[in-house]
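Colleague: what shape does this take:
(chains A and B)
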Amino acid sequence: MLSFIGRSIVQKIITLFFVSIVSFLIIHLAPGKPSQVDPMNPKFTPEVVERFRKEFHLDKPLHVQYLYFYQDFFTGKTVSWKDNQSVLKKIWERFLNSLPLFIVGTIITWTLSFPIGIRSAIFRGRLYDRSATFISYLLISIPGFFFAYILIIFVVTQFHVPVIGMETFGIGETSMPHIFMDRIWHLLLPSVLGATGGIAVLSRYVRSQMLEVEGQDYIRTARAKGLPPEQVHYKHALRNALLPFVTMFGLILPGLIGGSVIIESIFSWPGMGRMAYEAILARDYPVILTVNFVSAVLVLIGTFISDILYLMVDPRIRL
Amino acid sequence: MTNDSLISIHDLKVYFRSNSEHARAVDGVSFEVRREETICLVGESGCGKTVSALSILGLIPTPPGEIAGGQILFADQNLLELNEADMQKIRGNHIAMVFQEPLTSLNPVFTIGDQIGEAISIHKKLEAEAVRENCIQLLTDVGISSPAQRLKDYPHQLSGGQRQRVMIAMALACDPDLIIADEPTTALDVTVQAQILQLFRSIQKIRSMSVLYITHDLGVVANIADRVYVMYAGIITEHGNTAQIFHDARHPYTQGLLASLPSRSKRGTRLHSIPGAVPNPAHKPGGCPFHPRCPYAIPTCSKEYPQMCDYGQGHLARCPVLFEGGG
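Modeller: This is a model prediction of the structure:
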């Protein structure tokens, strides 16, 4: 067990090294240069551009730039080219903003998808299953931004609550319960919207997993023993159907960054996804590369957690 | 039907419907199992043996399956009319089943102690400690060494033969009156097969149970059966005790099966085989379903459904042609 953990950490560090090289190269291969973001601006005279390039080592060969960047990165000195602020500090602030959205969205997705999918499989072909299927496909087919606007219009006109941003402007003047409720309202809609697509897809996946397991020989054995249907479905079938989701559970971590760009943009939510998106538009290399590195770390942590979970839930896997 | 009959099936019909086809998998099967005897249901793959067995326990998936008629009488009740809750009290408790593939028939993520104990705690409602002792006793009975340690094992840690022993222990858990064994040795190699057969014979004697043994292997039949029912394309074609079937077969299909058995005395000669193939249950020939492959077929065979002909002493064969011809 310990040797497995050690081995896997070493492997992941090696992977991370290659990820750093590849992402660095891709950024530099992409068209456009940081010094060309705003060529029409009269302030960007050739001298200024030249100074800018010197300042950020852009005149050096690529591998030297790479070393400079990761030297800064590991000493925590990376700063954004746009506003000269520490990148790590910026990311940490945005991360704290994204976290509640991610947690609430994930909880809604996973707690609803499983009961819906399992019941669909058990009542296969009946009214419940067919309506769940219909609604799933409906939610998958509706573009997220369109659905978001419909919901915003509905909530704003029906309940008269503001939903854009993380809080209502100027709410800090009022009492604590007010601020609290205001936060909840602002959190609710983007989380629900972020979850709908997930629920639609995940519940379909749960259903098909469950159906596959229900057709196995050991389910017939369980029934032949005289077990009541609840025990057959929720013990024998579910435990086996859950195995693949252990892998998925580790892979939702990276969703913290990329999963919510659209939702964050619609709701003007100052999260990680939006920051990354804006950094790409501004060709703010330090921010892009750091976000990239952090998401690679999240992916690797996620797969590591999956591996450990798999070990615990599937007795057939031994080291 | 005699007084010591344990379970009797009358004219059971099980059909499978799909959009275009209507497969008559079991088409009017009748047989009975008496107390403390071993019955073999013999036939080729797809002749309806397993479907008959599964319908006894109400395990046919409906849809697509459909019990189209008949009766299954067990302890003065028709099992086909019981509701799901009453059927659960029969399954595992009075009638238990051992399946063909012990690897896929055991749940991979639960220990065997858990899987055997489940049936006991459901039907007998014992304390956890008593269930554990029961499991250990059962594993000892089916010949598994160091049973207390084995209880904590998962199915993948056991060999094929051990897995099938576990399946048998599971079936024995509540001391059922009848064990249905659906080709339990097919997936095992020959030496293990012999051990499992021996195990079936001894538990049948010790526990005075009845066994309904389903197989396509006539060697197994000769080894274990008291009486034999031969099935072909969803019907019973011949019935008799083991000696009658093996030495005095009266149905052309049974005769064909016996002639196809490889033996040392026929070494070097070509193996006999029955020409043609088992009919698709959705497109069965009219009249006697065996007539397209039968060497004795006469024109009436394709028109008239054959009746059972009585050769005395319980020996029945569904072939009027041979009955009138050879008497």
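Colleague: tell me the spacing between residue B:93 and residue B:120.
Modeller: 10 Å (Cβ to Cβ, to the nearest Å). (C-beta placed from N, C-alpha, C; glycine too.)
Colleague: joint contacts of the two?
Modeller: residue B:174 (Cβ atoms under 8 Å, 6 or more residues apart in numbering or on different chains).
Colleague: residue contacts, the residue nearest to residue B:284 when sequence neighbours are not counted?
Modeller: Excluding its sequence neighbours, the residue lying closest to residue B:284 (Cβ to Cβ, 6 or more residues apart in numbering or on different chains) is residue B:233, at 5.8 Å. With contact taken as Cβ under 8 Å, 6+ apart, residue B:233 is in contact with B:27, B:47-48, B:278-279, B:281, B:284, B:289-290.
Colleague: how does it look with 6 Å?
Modeller: Counting by Cβ atoms under 6 Å, 6 or more residues apart in numbering or on different chains, residue B:233 touches B:47, B:279, B:284, B:289.
Colleague: what of residue B:150?
Modeller: By Cβ under 6 Å, 6+ apart, the neighbours of residue B:150 are B:139, B:144.
Colleague: tell me which residues are up against stretch B:168-187.
Modeller: With contact meaning Cβ under 6 Å, 6+ apart, stretch B:168-187 is reached by B:6, B:50, B:53, B:92-101, B:116, B:119-120, B:123, B:138-139, B:142, B:164, B:193, B:196, B:209-215.
Colleague: likewise stretch A:232-247?
Modeller: For stretch A:232-247, using Cβ under 6 Å, 6+ apart, the contacting residues are A:122, A:209-210, A:213-214, A:219, A:222-223, A:306, A:309-310, A:313-314, B:107, B:109.
Colleague: point out where the chain drops to low pLDDT.
Modeller: No chain specified, so I'll use chain A. For chain A, residues meeting the criterion pLDDT under 70 lie at A:34-40, A:44, A:170-173, A:258-259, A:319.
Colleague: not what I meant, chain B
Modeller: Across chain B (using pLDDT under 70), the flagged ranges come out as B:1-3, B:266, B:325-327.
Colleague: which parts of it sit against chain A?
Modeller: Proximity of chain B to chain A, by Cβ under 6 Å from any Cβ of the partner chain, involves residues B:57, B:59, B:88, B:91-93, B:97, B:104-107, B:109, B:119, B:122, B:154, B:156.
Colleague: I only care about those that end up buried; give me the PyMOL line for that.
Modeller: A single PyMOL command is used to select the members of the residues of chain B next to chain A judged buried by 16 or more other Cβ atoms under 10 Å in any protein chain shown:
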select buried, chain B and resi 57+59+88+91+92+93+97+104+105+106+107+109+119+122+154
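Colleague: just the buried subset of the contacts of stretch A:232-247, please.
Modeller: Neighbour-count burial (16+ other Cβ under 10 Å) applied to these gives A:122, A:209-210, A:213-214, A:219, A:222-223, A:306, A:309-310, A:314, B:107, B:109.
Colleague: got these as a markdown table, with secondary structure columns?
Modeller: As requested, these are exported to a markdown table (DSSP: H, G, I helix; E, B strand; the rest coil):
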| residue | secondary structure |
| --- | --- |
| A:122 | helix |
| A:209 | helix |
| A:210 | helix |
| A:213 | helix |
| A:214 | helix |
| A:219 | helix |
| A:222 | helix |
| A:223 | helix |
| A:306 | helix |
| A:309 | helix |
| A:310 | helix |
| A:314 | coil |
| B:107 | coil |
| B:109 | coil |
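Colleague: closest one of those to residue B:83?
Modeller: Taking Cβ to Cβ as the measure, residue B:83 lies nearest residue A:223 of the buried ones among the contacts of stretch A:232-247, at 14.8 Å.
Colleague: got a list of what that closest one touches?
Modeller: A:232, B:59.
Colleague: excluding sequence neighbours, find me the nearest residue to the residue in the stretch 151-300 of chain B that chain A sits nearest to.
Modeller: Of all residues in the stretch 151-300 of chain B, residue B:154 sits closest to chain A, at 4.4 Å by Cβ to the nearest Cβ. With Cβ to Cβ, 6+ apart as the criterion, residue B:154 has its nearest non-adjacent residue at 4.4 Å, and that residue is residue A:315.
Colleague: okay, helices next: where are they in chain B?
Modeller: Assigned by DSSP state H, chain B shows helices spanning B:49-56, B:84-90, B:102-105, B:112-124, B:128-141, B:147-150, B:160-172, B:190-206, B:218-224, B:242-247, B:252-259, B:320-326.
Colleague: need those in CSV (columns: distance to residue A:134).
Modeller: Listed next are the helices of chain B as CSV, based on distance: least, Cβ to Cβ, whole Å:
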stretch, distance to residue A:134
helix B:49-56, 34
helix B:84-90, 29
helix B:102-105, 34
helix B:112-124, 37
helix B:128-141, 45
helix B:147-150, 49
helix B:160-172, 41
helix B:190-206, 50
helix B:218-224, 51
helix B:242-247, 57
helix B:252-259, 51
helix B:320-326, 57
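Colleague: of all the contacts of stretch A:232-247, which two lie farthest apart?
Modeller: Of all the pairs that the contacts of stretch A:232-247 form, the one spanning the most space (Cβ to Cβ) is A:223 and A:306, at 31.7 Å.
Colleague: now the stretch 51-200 of chain A against chain B: closest residue?
Modeller: Of all residues in the stretch 51-200 of chain A, residue A:125 sits closest to chain B, at 8.4 Å by Cβ to the nearest Cβ.
Colleague: next, that residue: secondary structure please.
Modeller: coil.
Colleague: now swap in residue A:167 and tell me
Modeller: Classification of residue A:167 using three-state DSSP returns coil.
Colleague: show me what contacts it?
Modeller: By Cβ under 6 Å, 6+ apart, residue A:167 lies in contact with A:182-183, A:186.
Colleague: redo these as a markdown table? Include secondary structure.
Modeller: Formatted as a markdown table, those follow (three-state DSSP):
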| residue | secondary structure |
| --- | --- |
| A:182 | helix |
| A:183 | helix |
| A:186 | helix |
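Colleague: roughly how far is stretch A:65-74 from the heart of the chain?
Modeller: 26 Å (Cα atoms, centre = their mean, to the nearest Å).
Colleague: pull out the buried residues from it.
Modeller: A:65-66, A:69-70, A:72-73.
Colleague: check contacts around residue B:261.
Modeller: By Cβ under 6 Å, 6+ apart, the contact list for residue B:261 reads residue B:218.
Colleague: wait, isn't residue A:113 in contact with residue A:199?
Modeller: Yes - contact criterion Cβ atoms under 6 Å: residue A:113 and residue A:199 qualify, at 5.1 Å.
Colleague: one step back: tell me, how many residues neighbour the residue nearest to residue B:154?
Modeller: A count of nearby residues for residue A:315, using other Cβ atoms under 10 Å in any protein chain shown, gives 16.
Colleague: so it versus residue B:160, what's the distance?
Modeller: Noted for residue A:315: a distance of 18 Å to residue B:160, by Cβ to Cβ.
Colleague: then stretch B:217-235 to CSV, C-alphas only?
Modeller: Extracted C-alpha coordinates of stretch B:217-235, given in CSV (Å, rounded to 0.1, in the frame of the first residue of the first chain):
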residue,chain,number,x,y,z
ASP,B,217,-24.5,-34.7,-20.4
LEU,B,218,-25.7,-38.2,-20.5
GLY,B,219,-22.6,-39.4,-18.6
VAL,B,220,-23.8,-37.3,-15.7
VAL,B,221,-27.3,-38.7,-16.0
ALA,B,222,-26.1,-42.2,-15.8
ASN,B,223,-24.2,-41.3,-12.7
ILE,B,224,-26.8,-39.5,-10.7
ALA,B,225,-30.4,-39.9,-11.9
ASP,B,226,-33.2,-42.1,-10.5
ARG,B,227,-35.5,-41.0,-13.2
VAL,B,228,-35.0,-39.1,-16.5
TYR,B,229,-37.1,-36.8,-18.5
VAL,B,230,-35.7,-36.1,-22.0
MET,B,231,-36.7,-32.8,-23.5
TYR,B,232,-36.7,-31.6,-27.1
ALA,B,233,-37.8,-28.2,-28.4
GLY,B,234,-39.9,-27.3,-25.4
ILE,B,235,-41.6,-30.7,-24.9
